[in-house]
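Participant: starting from these lines, generate the structure:
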Amino acid sequence: MKAGSLDEFVPADGKVVRWYSCGPTVYDQSHLGHARSYLSFDILRRIVEDYFGYHVFACMNITDLDDKIIIKSRQNYLFDEYAKEFTTVTEKLVTELDQAWDDYIASLEKKIQKTHEDEKGGRKNKSEILAERSLLTGKQSEALIAKEGLKQAKIGEPSEPWLEKSKTPLSVVLDAKKSATIDSELVKTLCDRHTKKYEAEYFADMKALGIKEPDVLVRVTEYVPQIVEYVQQIIDKGYAYAAGGSVYFDTVKFHNSEGHAYGKLRPDAVGNMELFSEGEGGLASANTQDRKTEKDFALWKASKPGEPSWDSPWGQGRPGWHIECSAMASKILGPTLDVHCGGCDLKFPHHDNELAQSEAFYDCGQWVNYFLHTGHLNIDGLKMSKSLKNFVSIKEAFAAGHNATQIRFLFLIQEWDRDINYQRTNTMGEVDVKIKTLTEFLRKAKQTAIERTTEHKESWDQRDVDLHDALLATQKKVHESLCNNFDTKSSIQALIDVVTAANKYMTNNQNKKALLLVKIADYINKILGVFGVPPLLADSTVGGGQSKEEILRPAATTLVDFRKEIRSTAKLLNSLCDKLRDEDAPKVGIKIVDDDPSFDFYLVDPETLAKENRKREAEAEIKKLTNELNKDKRTLLKVESGVQSPKEFILKNFNVEMEEYGKFPEKDTKGQAVSQKAQVNINKKWKAQEVLHNEYLQLVATNPNYLVDLTATVASAEQRLEELKKLTE
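Facilitator: Residues are numbered from 1 along each chain as shown. Below is the predicted model:
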């Protein structure tokens, strides 16, 4: 199929779908970019399995052998060994740390200069360039301060705090100087220890997000012999060659061979050496003389001292990055993949190189039938990256108060293959509105069903017919949307639309049909279940098969009816009624409503109600505090404006030295004549400033710390506002 086009999904083997996912490189914490991809693919996989009824055979790799992993593992080891050697501060330690900071500062300067080159050449988004430059400049300033701080180190004192402050620059220096001294087997052990830690964290994060595990998990280090065989087969087919202990893929020969093409996914990126170099890894040699062309990528890398290595026909080495997926996917899923998924940044060179080497191995024209690529995740409008310091880990997202349902909904209401933006303030505003809309309808439908008796009329009128037609239209819309490139955004909106229709139907309707509402609720629960959304209404079944609602409802009804009677006959007791609604009833899971004629109360999870009340209280306090803060800011601005005397104000703003009102020098401080028009304007400004300054003097005469106190009040209010805003997200 053509990349980016819409085509009918036809697996190679009936209802069986062979599905391969590019998994994580486990060298650091999982972040929201991972959540973006793996949650989106979890949603798509569930739709394929649970809605369309296919049998997905899912395989995912773990990259536990990679240049970043090797470098990070070595650096941690060498730093720990260095710390053992220098337990106290010595002159040698201070000298070496000082030099490490010098090298680090110089490297930052090079990166800063590159941002200027990128800006001049128009190679990147200008906003990202400016953000990156600002970050690098900040890091450079921090580094200069840290270097200067070494002068405070005292010989003989514990070295630990100084080493920790200098860990980043020192680790780079140690790796450059000593990595070659580390035995290959030790590096394997270090890498294994490092990757096992982050693999465990990755799967813990995925479990917390509710992501299904793959059917098969493959790790690079467990498939090295199979990878060696795979590479040899490509050599035997004539599409790869050994040179200098490494093996390279012959891109030119492959591209010029009948039935083959290199760069199918991103033909525009072929020849982009920056992307190519990223794909080859940070330990790759800059010398490309062993390659027939500079675009030939490594299938097998000859290991240098300080790198893990395995036996091969070409000498000690390790697999290249791209070959791992081809070999392992082929081993598990066979010669054809129905679905191959990953982030859009993997299209080139990773996925294009996978295609080339796999199609060379099988000597076929198409190894993957359908590629699925998620869009980028941007943070506050900028692409998320560690270099921009806008990296948000999954744990940080949970710590910010977001839950798995919110995060899943955030991706459901976006197009899975387009870039999306994650705002760190008011992140879940739209999400929370949609979840609340659906949850409250499900609660109303459930309540209506519980209250249904044989006394209720079941004959339909036009309102019932119209609502049922709305449900049928929704079912059709959802089906069409899911058939159209897994359009969950439109599907969720269709559910919201039918809920809106149902809410309108229930308003002032004493003959609403519980069975119809339950049918709609069941459909909503079904679709949300397909999307992997946990039940929006918690399981409330109590022992004996009797629900919590059925047990509490008679008592809740009596309580609410009693409150309504009090409110209607005794205005003085209204405050107590409000207290019952806002404080007492929520503690036992009763939400009393005064603005819905169809429902007097809902039975809700007490913690959910408590969270709603905290949010409502925070919003009220925000409104009040914002008004007070704006007033204080205006006062502060006015007071600060009056600090300068008229004489100081005129000199600063007009370069004119005046001792008193109306008496002008012939020339200003720059030697220019003061015109008649300028004198008129300056006199007006003098009078206005005189008023402000006199008010300021009166204030500080009464309270010398007035300005300091007001500034502190404004700062405290701004901090409190930020805290309150987090409670409303």
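Participant: every contact and neighbour count from this point should use C-alpha atoms.
Facilitator: OK.
Participant: residue boundaries of the helices in the stretch 201-350 of the chain?
Facilitator: 224-236, 251-256, 273-280, 321-333 (DSSP state H, counting those that start in this stretch).
Participant: for D118, give me the pLDDT.
Facilitator: D118 carries a pLDDT score of 88 in this model.
Participant: using PDB, write out every CA atom in whatever helix or strand E723 lives in.
Facilitator: Taking DSSP states H and E as the criterion, E723 maps to helix 706-728. Extracted as PDB, the C-alpha positions of helix 706-728 are listed here (Å, rounded to 0.1, in the frame of the first residue of the first chain):
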ATOM      1  CA  TYR A 706       5.100  48.800  53.100                       C
ATOM      2  CA  LEU A 707       6.600  48.100  49.700                       C
ATOM      3  CA  VAL A 708       8.400  45.000  50.900                       C
ATOM      4  CA  ASP A 709       5.300  43.700  52.600                       C
ATOM      5  CA  LEU A 710       3.100  44.300  49.500                       C
ATOM      6  CA  THR A 711       5.600  42.600  47.200                       C
ATOM      7  CA  ALA A 712       5.700  39.600  49.500                       C
ATOM      8  CA  THR A 713       1.900  39.500  49.600                       C
ATOM      9  CA  VAL A 714       1.700  39.500  45.800                       C
ATOM     10  CA  ALA A 715       4.400  36.700  45.600                       C
ATOM     11  CA  SER A 716       2.600  34.600  48.200                       C
ATOM     12  CA  ALA A 717      -0.800  35.000  46.400                       C
ATOM     13  CA  GLU A 718       0.800  34.000  43.100                       C
ATOM     14  CA  GLN A 719       2.300  30.900  44.700                       C
ATOM     15  CA  ARG A 720      -1.100  30.100  46.300                       C
ATOM     16  CA  LEU A 721      -2.800  30.500  42.900                       C
ATOM     17  CA  GLU A 722      -0.400  28.000  41.300                       C
ATOM     18  CA  GLU A 723      -1.200  25.500  44.100                       C
ATOM     19  CA  LEU A 724      -4.900  26.000  43.700                       C
ATOM     20  CA  LYS A 725      -4.800  25.600  39.900                       C
ATOM     21  CA  LYS A 726      -3.200  22.100  40.300                       C
ATOM     22  CA  LEU A 727      -6.200  21.100  42.400                       C
ATOM     23  CA  THR A 728      -8.500  22.000  39.500                       C
END
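Participant: can you give me the buried ones in that helix?
Facilitator: Neighbour-count burial for helix 706-728, with 16 or more other C-alpha atoms under 10 Å as criterion, is recorded at 706-707, 710-711, 713-714, 717, 721, 724, 726-728.
Participant: what helices or strands is that helix leaning on?
Facilitator: Helices and strands touching helix 706-728, as assessed by 3 or more C-alpha pairs under 8 Å, 6 or more residues apart in numbering; DSSP states H and E, comprise helix 606-641, helix 676-702.
Participant: can you pull out the strands in the protein?
Facilitator: Using DSSP state E, the strands found in the chain span residues 16-21, 55-62, 216-219, 240-243, 246-249, 298-302, 317-319, 337-343, 368-374, 377-379, 382-383, 420-422, 590-592, 601-603.
Participant: the shortest one - what's its average pLDDT?
Facilitator: Yep, that's strand 382-383 we're talking about. The average pLDDT within strand 382-383 is 76.
Participant: report the distance from it to the chain centre.
Facilitator: The chain centroid and the centroid of strand 382-383 are separated by 10 Å, computed with C-alpha atoms, centre = their mean, to the nearest Å.
Participant: hmm, who's touching that strand?
Facilitator: Strand 382-383 has contacts (C-alpha atoms under 8 Å, 6 or more residues apart in numbering) with 127-128, 376-377.
Participant: in helices, which of those appear?
Facilitator: Secondary structure of the contacts of strand 382-383 is defined by DSSP state H; positions in helices are 127-128.
Participant: got a pLDDT number for the closest residue to V173 other than its chain neighbours?
Facilitator: Closest residue in space to V173, ignoring its immediate chain neighbours: A100 at 6.4 Å, by C-alpha to C-alpha, 6 or more residues apart in numbering. For A100, the pLDDT comes out at 97.
Participant: surely A100 and T168 touch.
Facilitator: No - A100 sits out of contact with T168 when judged by C-alpha atoms under 8 Å, with a separation of 9.1 Å.
Participant: looking at the two, which one has more neighbours?
Facilitator: A direct count of neighbours by other C-alpha atoms under 10 Å for A100 and T168 places A100 higher, at 22 against 16.
Participant: residue ranges of the helices in the stretch 451-600 of the chain, please?
Facilitator: Under the criterion DSSP H, counting those that start in this stretch, helices of the stretch 451-600 of the chain are mapped to 462-483, 488-506, 514-530, 548-569, 574-579, 585-587.
Participant: between those helices, which one is closest to L438.
Facilitator: helix 488-506 (6.9 Å; C-alpha to C-alpha).
Participant: report the buried residues of the closest one.
Facilitator: 488-496, 498-499, 501-503, 505-506.
Participant: which residue packs closest to R45, ignoring adjacent ones?
Facilitator: The shortest distance from R45 to any residue other than its chain neighbours is 7.5 Å, reached at V56 (C-alpha to C-alpha, 6+ apart).
Participant: tell me what that neighbour is bridged to.
Facilitator: Listed beta-bridge partners, V56: V17 (assigned using DSSP bridges).
Participant: residues in contact with it?
Facilitator: Counting by C-alpha under 8 Å, 6+ apart, V56 makes contact with 16-19, 45, 48-49.
Participant: any idea which of those residues is closest to E617?
Facilitator: For E617, the closest of the contacts of V56 turns out to be R45, at 40.6 Å, with distances computed as C-alpha to C-alpha.
Participant: how many neighbouring residues does that closest one have?
Facilitator: By the other C-alpha under 10 Å criterion, the neighbourhood of R45 contains 22 residues.
Participant: likewise for E440?
Facilitator: Using other C-alpha under 10 Å as the criterion, E440 is surrounded by 17 other residues.
Participant: need the helices and strands packed on helix 706-728 in CSV (columns: mean neighbour count and mean pLDDT).
Facilitator: Output for the helices and strands packed on helix 706-728, formatted as CSV (neighbours: other C-alpha atoms under 10 Å; pLDDT from 0 to 100):
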stretch, mean neighbour count, mean pLDDT
helix 606-641, 15, 85
helix 676-702, 15, 88
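Participant: let me have the ones you listed in TSV, extended by distance to V247.
Facilitator: Converted to TSV, these look like this (distance: least, C-alpha to C-alpha, whole Å):
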stretch	distance to V247
helix 606-641	59
helix 676-702	78
